[in-house]
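Asker: Here you go, sequence then predicted model.
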Amino acid sequence: MLRIAGNKLGARGFTSPFLKPAGLTLRSYSSSAKQMTVREALNSALDEEMSADHNVFLMGEEVGEYQGAYKVSKGLMQKFGPQRVVDTPITEAGFTGIGVGAAFYGLRPVVEFMTFNFAMQAMDHIINSAAKTNYMSSGNINVPIVFRGPNGAAAGVGAQHSQCYAAWYGSCPGLKVLVPYSSEDARGLLKAAIRDPDPVVFLENELLYGEAFPVSAEVFDSGFCIPIGKAKIEREGKHVTITSFSKMVGFSLKAAEILAKDGIDAEVINLRSIRPLDRTTINASVRKTNRLVTVEEGFPQHGVGAEICTSIVEDSFGYLDAPVERIAGADVPMPYAANLERMALPQVEDIVRAAKRACYRSLPAAATA
Amino acid sequence: MAIWLSRSKKIAHLLKPKIAYFPQPKIAPSEFSYKIYENHVNSSSFGTLSGENIRSPHVFLDNSATMSALNRQWRRTESTRAGEQVETVPYSDDNYEDENQALDFPGGRVSFTHEMKFISEAADKRIPCYRVLSDDGYPIAGSRFEQVDKETAVKMYKSMVTLQIMDNIFYEAQRQGRISFYLTSTGEEAINIATAAALTSDDVILPQYREPGILLWRGFTLQEFANQCFGNSADYGKGKQMPIHYGSNKHNFFTISSPIATQLPQAAGVAYSLKMDKKEACVVAFTGDGGTSEGDFHAGLNFAAVMDAPVLFICRNNGWAISTPISEQFRSDGVVVKGQAYGIRSIRVDGNDALAVYNTIRAAREMVIHEQKPVLVEALSYRVGHHSTSDDSTKYRPVDEIEHWKTARNPLARFRKWVHKNGWWTDDEESELRGSIRKQVKYFINAAYFFL
């Protein structure tokens, strides 16, 4: 059944109170149109939070003297000193344990992993020491810790440096999992994460660090925070909903532009938060467009897309006009060679194809049998 | 299997119950024994220990009637009675003041002292490092070492030169955008090659990432190095691995893995399996100074010692872990002192002295194979190059420090002087070799493009 012009009016999706009011479908450029890179956004967020609260401190490999493995903590050690910006020896399990212990006793550590791939060596502390403690202590102990670092594929770094951990951390109760895309996301979410009294896993992306985004004046305010658990509709549309997070938001927006030329008006949702997942916004959007494409970089099985699909099936099944399309990375450890890597990651064309499938599907899935 | 039998003997030895005595030196003997008895009967936490204790301190208990009553009360199984082979301490007034009395605790007998003495956090002197050649290439007076014959020495030197040139050119290739990543071993050529020369091709290598010289020595060709770095179709990994992540089954060289120190417990496991093969071979696992901070370092060394695994642990202490100097890595006297903490024999050697490294590894390998236990070698050196092509070390260390180690403490120069003095190498051969290697490396880099 073709429903190109969806006439079901569901609730409007969430629009950020920090940008221009609803009415504009495209992501608006504010009047000040200042640019900020994600790196600057993270750096300034850390700087301001550390100035505001003396309990906040940063620890990780190369964060101090080296200015940060990706220069995210540039200048912080010079400003706050080695007691607040702590260079750790090479032991993720060790320094994560140290961070959690500090959080137990009242400090607010920000633990940086050179990549979340190395955080696997610290997984026990993240889950068993940090995530579960509040519940296990019936609310008596809270762990105000932030684990941050690059997540997902970079460019040509092979299997042990490229895995996306959004789904793994997202399945664990007790954690909050944030996935910023733009500079505004990075700044607002990191501040919210540091102020949060519970463990937060903050999944950045190495390739986005250098990317500049236009930001409005509100973003520069030191009180600027984005609420955790709220997705953002980056681009409003009528025909198909595309959910994505982190780098894939950029790809989805590009795909939406290509789809627009074919008359398909895609709504792009930037999830911002994997846990808690903003099911309300996603469901409202699908009830409006009736079609869903989920996009992620990580492995397909048990991925974020699988969870979103189930959420829609549970809450908005009757509104779906087509099966949910899931775009994910290939089900292989990330190969190194550039041509293989390109094939292992979702590309803009893949998103476009999936969206078209969701829109033009006229036969039930059993047609492939 | 023979190995299991010898293990089970060890287990049985460990399981032999050790009796715990709790000394209260101020109490008179008769009161003392009574108190022990009381403690054991009343305290529920002693379990079978108290059952056994009742029997052996019969020398202390005055009342044998009580003794038989206790025997009836504590029904012990055959095994606990059989396990009572623990020596009892002869207890008399004379020994009371003797400081050399010993106690049996789980883990063995330990003598006790009434003086509270803390072991100092640092020894008076640092462990000295073994070296054989002076900076000028002369054997140091009084140094004892096994002579290396001309063929081996020349091969060693040529391999060191090849490694150095290969590193330089591949590094440049990365800078030119031909490959995406590279990691040099500059400054540690002696550790690489001398170790390789001292081992046999049967010895299994678990590298960290700064040991390509071992592959080079064993016959990995420059073309194969180039192929791996380019990730082309001739690469054995078929482009699945990042550059410098070499691996080769036929050269007994485990593939390099990025997470740090994971190879250390793996080495203990490989060695455990190698023991069963009963070959004249051992496992050689490398790590840097930074890697010793990882939890896996503890697990690897501890269990290699417990399992009597034939692993030779080599720590390349080159002073830097990316930007972390060793003063921030650990507070111990380097890595060599950690060996004893695990019950592992260890030695510190000058990593820039190829001859000393060669001798040390030869000796250590003999120990590992014939005694079937791990040995730790700490090779002191300096990381002349940057950590990798993603690093600029001038940002966190002085340039003149790097220059000093590059020139005055260069391991190649030192070894060349020695080889030259022996009349085994000339300057002409030097320039010819260098020119030839440079040409070859460039040729193979270009050839790698054909297989892309």
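Answerer: Perfect, I can see it now.
Asker: wait, isn't residue A:247 in contact with residue A:208?
Answerer: Yes. Residue A:247 is in contact with residue A:208 according to CB atoms under 8 Å; the separation is 5.9 Å. Just so you know, the C-beta spots here come from the backbone N, C-alpha and C atoms, and that holds for glycine as well.
Asker: Common neighbours of those two, please.
Answerer: Residues touching both residue A:247 and residue A:208 comprise residue A:181, with contact defined as CB atoms under 8 Å, 6 or more residues apart in numbering or on different chains.
Asker: what residues are up against residue B:209?
Answerer: With CB under 8 Å, 6+ apart as the criterion, the residues that contact residue B:209 are B:183, B:244, B:245, B:256, B:258.
Asker: and the first one, what does it touch?
Answerer: I take that to be residue B:183. Contacts of residue B:183 were listed using CB under 8 Å, 6+ apart, and they are B:209, B:210, B:244, B:387, B:388, B:389.
Asker: Tell me how far it lies from residue B:388.
Answerer: Separation of residue B:183 from residue B:388 (CB to CB, to the nearest Å) stands at 4 Å.
Asker: and if you look at the last one?
Answerer: Separation of residue B:258 from residue B:388 (CB to CB) stands at 11 Å.
Asker: got a list of what residue A:273 touches?
Answerer: Contacts of residue A:273 by CB under 8 Å, 6+ apart are A:176, A:177, A:178, A:179, A:189, A:228, A:229, A:230, A:231.
Asker: Identify the residue nearest the first one in space, chain neighbours excluded?
Answerer: Nearest residue to residue A:176 in three dimensions, chain neighbours excluded: residue A:200, at 4.5 Å (CB to CB, 6 or more residues apart in numbering or on different chains).
Asker: so that neighbour bridges to which residues?
Answerer: Taking DSSP bridges as the rule, residue A:200 bridges to residue A:146, residue A:176.
Asker: ranges for the strands of the chain?
Answerer: In the absence of a named chain, chain A is used. Per DSSP state E, chain A carries strands over the ranges A:34-37, A:56-60, A:85-87, A:108-112, A:146-150, A:176-178, A:200-204, A:212-215, A:232-235, A:240-244, A:266-270, A:273-275, A:292-295, A:325-327.
Asker: let's do chain B instead
Answerer: For chain B, strands defined by DSSP E occupy the ranges B:102-105, B:108-111, B:204-206, B:283-288, B:311-317, B:320-321, B:324-325, B:345-350, B:375-380.
Asker: Can I get the last one as CSV, trimmed to CA atoms?
Answerer: Same thing as strand B:375-380. What follows is strand B:375-380, C-alpha atoms only, in CSV (Å, rounded to 0.1, in the frame of the first residue of the first chain):
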residue,chain,number,x,y,z
VAL,B,375,62.6,-15.9,33.5
LEU,B,376,62.2,-12.1,33.2
VAL,B,377,64.7,-10.0,31.3
GLU,B,378,64.6,-6.2,31.5
ALA,B,379,66.4,-4.6,28.6
LEU,B,380,67.1,-0.9,29.3
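Asker: Around chain B, which positions in chain A sit nearby?
Answerer: A:61-62, A:65-67, A:87, A:89-91, A:93-94, A:117-118, A:120-121, A:155-161, A:333, A:335-337, A:339-340 (CB under 8 Å from any CB of the partner chain).
Asker: Show me just the buried residues among those residues.
Answerer: Among the residues of chain A next to chain B, those that count as buried by neighbour count (16 or more other CB atoms under 10 Å in any protein chain shown) are A:61-62, A:65-67, A:87, A:89-91, A:93-94, A:117-118, A:120-121, A:156-161, A:335-337, A:340.
Asker: Output the strands of chain B as TSV; include the columns distance to chain A, mean neighbour count and mean pLDDT.
Answerer: Supplementary listing: the strands of chain B in TSV, determined by distance: least, CB to the nearest CB, whole Å; neighbours: other CB atoms under 10 Å in any protein chain shown; pLDDT from 0 to 100:
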stretch	distance to chain A	mean neighbour count	mean pLDDT
strand B:102-105	29	15	89
strand B:108-111	30	10	92
strand B:204-206	16	25	96
strand B:283-288	9	28	97
strand B:311-317	13	28	98
strand B:320-321	6	22	95
strand B:324-325	6	18	94
strand B:345-350	20	22	98
strand B:375-380	17	26	98
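Asker: Tabulate these in JSON lines, adding columns for distance to residue A:113.
Answerer: What follows is the strands of chain B, written out as JSON lines (distance: least, CB to CB, whole Å):
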{"stretch": "strand B:102-105", "distance to residue A:113": "41"}
{"stretch": "strand B:108-111", "distance to residue A:113": "42"}
{"stretch": "strand B:204-206", "distance to residue A:113": "24"}
{"stretch": "strand B:283-288", "distance to residue A:113": "19"}
{"stretch": "strand B:311-317", "distance to residue A:113": "24"}
{"stretch": "strand B:320-321", "distance to residue A:113": "16"}
{"stretch": "strand B:324-325", "distance to residue A:113": "16"}
{"stretch": "strand B:345-350", "distance to residue A:113": "32"}
{"stretch": "strand B:375-380", "distance to residue A:113": "29"}
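Asker: Please identify which of these is closest to residue B:214.
Answerer: Minimum separation from residue B:214 across those (CB to CB) falls at strand B:204-206, 5.6 Å.
Asker: so who does the one residue in chain A that gets nearest to chain B touch?
Answerer: When you check chain A against chain B by CB to the nearest CB, the closest residue turns out to be residue A:337, at 2.9 Å. With contacts defined as CB under 8 Å, 6+ apart, the neighbours of residue A:337 are B:231, B:232, B:238, B:239, B:240.
Asker: Chain A contacts on the stretch 251-400 of chain B?
Answerer: Counting by CB under 8 Å from any CB, the residues of the stretch 251-400 of chain B lying close to chain A are B:257-261, B:290-291, B:293-295, B:321-324, B:328-330, B:395-396.
Asker: Buried only: go through the residues you listed for me.
Answerer: By neighbour count, with 16+ other CB under 10 Å, those hold B:257-258, B:260-261, B:290-291, B:293-295, B:321-324, B:328-330, B:396 as buried.
Asker: Identify those among those that sit within helices.
Answerer: Counting by DSSP state H, the members of those that fall within helices are residue B:295.
Asker: from the contacts of residue B:183, which two are the most distant?
Answerer: Looking across those, with CB to CB as the criterion, the two at the greatest separation are B:210 and B:389, at 13.6 Å.
Asker: Which one's more surrounded, the two?
Answerer: For residue B:210 against residue B:389, the residue with the higher neighbour count under other CB atoms under 10 Å in any protein chain shown is residue B:210, and the figures read 26 against 20.
Asker: Can you give me every residue that contacts that one?
Answerer: If a contact means CB under 8 Å, 6+ apart, then residue B:210 has B:183, B:185, B:188, B:192, B:286, B:288, B:316, B:318 as its contacts.
Asker: Check the gap between the second one and chain A for me.
Answerer: Applying CB to the nearest CB, to the nearest Å, the value for residue B:185 to chain A is 19 Å.
Asker: now swap in the third one and tell me
Answerer: Shown here: residue B:188 relative to chain A, a distance of 18 Å by CB to the nearest CB.
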